[in-house]
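Undergrad: task: produce atomic coordinates for the following.
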Amino acid sequence: MYEVGDMIELIVNVPSTRLYAGQQGTIVHRHSPDDFEIEFSDDTGSTIDTMALSSKQFIVIWESRDHQWVSVPMQTRDLMSKLPNEVATEVLDFARFLALRNNQKIQGQAESELHQGSH
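TA: Numbering: from 1, shown residues only. Model prediction:
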């Protein structure tokens, strides 16, 4: 699933370093099926840090094999698979709430347009 050259995003803080959740890096070596060497760089391309991480500590956001960004649904799926079940259930409940709110907004806009069209 994860390959050398893939761009990743941390989903955890690494307090012993200057690396925090959301920071992006690149897989530069595979130590085992679940452990990888990740290189983190600054905006100029200079290496900030290189460290071994478990695949449980990041998600892939760009795949070198396909030369394309990973879709948001796929990133979400990967992240959800790494959460404890009770936390994943909370996220699912929140996503359902957002979907309901979005559908209500769309329905309200459609009703407003229908009402304006009848005048």
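Undergrad: so how far is Ser54 from the most centrally placed residue in the chain?
TA: Among the residues of the chain, the one closest to the centroid is Gln75, at 4.3 Å (C-alpha atoms, centre = their mean). Distance, Gln75 to Ser54, by C-beta to C-beta, to the nearest Å: 18 Å. For the C-beta atoms, the positions are set from N, CA and C on the backbone; glycine is no exception.
Undergrad: Asp66 too?
TA: Taken as C-beta to C-beta, the span from Asp66 to Ser54 is 23 Å.
Undergrad: higher neighbour count, those two?
TA: Ser54 (13 against 9; other C-beta atoms under 10 Å).
Undergrad: okay, and the beta partners of that one?
TA: Beta-bridge partners of Ser54, counted by DSSP bridges, are Asp35.
Undergrad: pretty sure it contacts Glu37?
TA: No - here Ser54 does not reach Glu37: they are 11.6 Å apart, not a contact under C-beta atoms under 8 Å.
Undergrad: helix or strand with the lowest mean pLDDT in the protein?
TA: Least confident element among the helices and strands of the chain, by mean pLDDT, DSSP states H and E: helix 85-117 (a mean of 88).
Undergrad: residues contacting stretch 86-100, please?
TA: Applying C-beta atoms under 8 Å, 6 or more residues apart in numbering, the contact partners of stretch 86-100 are Met80, Leu83.
Undergrad: buried set for it?
TA: Neighbour counts over stretch 86-100 (16 or more other C-beta atoms under 10 Å) mark no residue as buried.
Undergrad: go on, stretch 1-8?
TA: Buried residues in stretch 1-8 (16+ other C-beta under 10 Å): Tyr2, Asp6, Met7, Ile8.
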